[in-house]
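Novice: here you go, sequence then predicted model.
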Amino acid sequence: MVFRKLPGVSASGMGLRLSQKFMFLLFLSGLVTLCFGALFFLPDSVRLKRIFLSKTEIQPVTVGSGSENDVREHLKRPKDQGMTSAKGEAGIKLKSQSRKPPVSYEATEVRLAGGKAQEDLNLSRSKTESASEKVTSSNHGANSDTFSYKKFRRCLFKPPLGRDNGRPVDPQTNERREKVREMMKFAWDNYKRYAWGKNELRPLTRNGHIGNMFGGLRGASIVDSLDTLYIMGLMDEYNDAKEWVKTSLDLNSNGEASLFEVNIRYVGGLLSAYYLTGEELFKNKAVELGEKLLPAFNTPTGIPRGVINLGSSGTSWSWGWASAGSSILAEFGTLHLEFVHLTELSSNPVYTEKVMNIRKLLNKIEKPHGLYPNFLSPVSGNWVQHHVSIGGLGDSFYEYLIKSYLMSDKTDDDAKKMYYTALEAIEANLVQKSPGGLTYMAEWRGGILDHKMGHLACFSGGMIGIGADDGAPEKRQHYLDLAAEITHTCHESYTRSATKLGPEAFRFDSGAEAMATRLSDRYYILRPEVIESYMYMWRLTHDPKYREWGWEAVEALEQHCRVESGFSGIRDVYTTSVSHDNMQQSFFLSETLKYLYLLFSDDDLLSLEDWVFNTEAHPLPIIRNSCLQDDATQEKTASE
Ligand code: DMJ
């Protein structure tokens, strides 16, 4: 068919001459430029900007900074934060596995029968939000074909719950253990009765607390308790918890959550529950949730931001209170254990790549006096200020270095090197001795020492203890001594109070020794760190004083924190006419009571030969690739 040109109609077919067409296009482009430019004059046109600008063009806003206490103050102050997006590079590979496969406990005839207080964290999100690049979901799910639970169990040295569920022979110790079990049941029953499905129990008002640390996620106390209930043999309670996870744990929530808290409590809790029980449900939920955390890593450096929307937008922000839109060392440095296990279970390398990339950056960047400051820009990859602390904001980063090494069956030499180098810098710059002879970890503010130690920093006794064996052999005793001295100091912070519970922070200046000097530091919110160090030091030394100290804590908790309907934190440890804070923290169930229970159990209940505890006390198994890949193990498993 031939088309003929009609008279008076231009070639364009629109009935316009060339000059008319040119004028029209000129007018149109002027109009578009005007409209687009106007966007930048609108008062806070973030949402519109988001549509038109690339993510990297929206820069973070500078805000104030703070210590752990400052954090609390800042938590309620909304600040604008920006976000950027870029993919992190895949990083370093773990050294090839070298150790011999263990002799499995089954083969030896042993047989089996589990910077960041929880208050109303105000997730003050940015008004300058933009959509983070969304990671596609299809290829991140758990791949049950590749991980063999049976094979994993064969590669453990000991049955997870020990020979007799860790029951101690000594009757007094057993009685004490039973007491702790009763405390757990009491805390759980009250949570179930008054706050079921909410995040935490408010024991005085007998209702539930949701808070906003977990976005729209619910049931933090349930997920945090799964493994504790299981190892204590509270099976009805465990089954209720499992059923709730199955029917009611909704991961498609849309709120803004702390990446760190969701990781350590929910991902950690689900992973442990899976490894202890073999219930696929927990594995699938852990991987599904892990996938939702990935968009937080979409920054120019791959260092994740602290706050993430778990919904479909996958947007992420820096905390409003964090210096200059920075990410927090203790938050982005406390993902490694869980993420490596997510890769292990899903066969998806992305999780390990993300955390290896963090490590790669931290290795490269210059460190003042070898120390790691608490704030890092996820945009530039530079430190934002020089506040160093082994307590809040820094703490679990160091913990995860040594535990990454231990969890890799001692093959992850990078983690080992980073840990011991950091520890040397800490010893050279932060470790102090008080006039009264107490060893403590001061904080460091750009070269100036703040002679304060937070309750959170008391985990370091246990950390230095479990790392003592793997440093230079001549330093083994030195590290054990240091661990014991720090644990002793933390115990002193308890014994010097009227309630025999320790304050949130204690000082070593102005005549103070291991005591809080500020009113605002006198509270105790059922934290675990001191008891955690007792538990590790007991396992490492079997010095009976650690069990005695643990029992003192049980008595103090019973006397001052137990109320009619649960356990509550207290506002001032220096007075016995206590004022309760009306909050039963989920970490009381997952950590404080679990560490107490382990302290009064035999060492083969969750043996340290097989397990490392994440920073919320969720046990994760040591990954023994040499055993998992061993043909004999495979054949044995296949023939069953
Ligand atoms: C827990 O959530 C974890 O131990 C975290 O690492 C720091 N603080 C609380 C308990 O104090």
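Specialist: Yep, it's here.

Novice: what stretches of the stretch 301-450 of the chain score poorly on pLDDT?
Specialist: By pLDDT under 70, the stretch 301-450 of the chain has no low-scoring segment.

Novice: and it, which of its residues are near the ligand?
Specialist: When proximity is defined as CB under 6 Å from any ligand atom, the stretch 301-450 of the chain approaches the ligand at residue 396. In this view, the C-beta of every residue, glycine as well, is placed from N, C-alpha and C.

Novice: just the strands in the stretch 301-450 of the chain please.
Specialist: 307-309, 316-317, 327-328, 375-376, 383-385, 387-388, 431-433, 439-441, 443-445, 448-450 (DSSP state E, counting those that start in this stretch).

Novice: tell me which of those sits most buried.
Specialist: strand 316-317 (a mean of 30; mean count of other CB atoms under 10 Å).

Novice: and that one, what other elements does it pack with?
Specialist: Strand 316-317 is packed against strand 307-309, with contacts defined by 3 or more CB pairs under 8 Å, 6 or more residues apart in numbering; DSSP states H and E.

Novice: give me the residues contacting the strand it packs on.
Specialist: Contacts with strand 307-309, where a contact means CB atoms under 8 Å, 6 or more residues apart in numbering, come from 123, 125, 215, 254-259, 262, 292-293, 295-296, 314-319.

Novice: how about 6 Å then?
Specialist: Outside strand 307-309, the residues that touch it by CB atoms under 6 Å, 6 or more residues apart in numbering are 123, 256, 257, 259, 296, 315, 316, 317.

Novice: of the residues you listed, which belong to helices?
Specialist: Among the contacts of strand 307-309, the members falling in helices (DSSP state H) are residue 259.

Novice: of the strands of the stretch 301-450 of the chain, which is nearest residue 235?
Specialist: Ranking those by proximity to residue 235 (CB to CB) places strand 307-309 first, at 34.5 Å.

Novice: strand partners (parallel or antiparallel) of the closest one?
Specialist: strand 256-258 (antiparallel), strand 316-317 (antiparallel) (DSSP bridges).

Novice: picking up where we left off before, closest one to residue 496 among the strands of the stretch 301-450 of the chain?
Specialist: Closest among the strands of the stretch 301-450 of the chain, once you apply CB to CB, is strand 439-441, at 13.2 Å.

Novice: which helices and strands sit right next to the closest one?
Specialist: strand 431-433, helix 476-495 (3 or more CB pairs under 6 Å, 6 or more residues apart in numbering; DSSP states H and E).

Novice: at 10 Å what do you get?
Specialist: helix 413-429, strand 431-433, strand 452-454, helix 460-467, helix 476-495 (3 or more CB pairs under 10 Å, 6 or more residues apart in numbering; DSSP states H and E).

Novice: the residue of the stretch 251-400 of the chain found nearest the ligand: neighbour count?
Specialist: The nearest approach of the stretch 251-400 of the chain to the ligand comes at residue 396, 4.5 Å away (CB to the nearest ligand atom). When counting by other CB atoms under 10 Å, one arrives at 28 neighbours for residue 396.

Novice: dump the residue contacts of it.
Specialist: With contact set as CB atoms under 10 Å, 6 or more residues apart in numbering, residue 396 has these partners: 115-116, 260, 264, 329-331, 333-337, 403, 456, 459, 463, 614-616.

Novice: stretch 461-471 near the ligand at all?
Specialist: No. Interface with the ligand: stretch 461-471 contributes nothing (CB under 6 Å from any ligand atom), its closest point being 11.3 Å away.

Novice: just how off-centre is that stretch within its chain?
Specialist: How far stretch 461-471 lies from its chain's middle: 20 Å, per CA atoms, centre = their mean, to the nearest Å.
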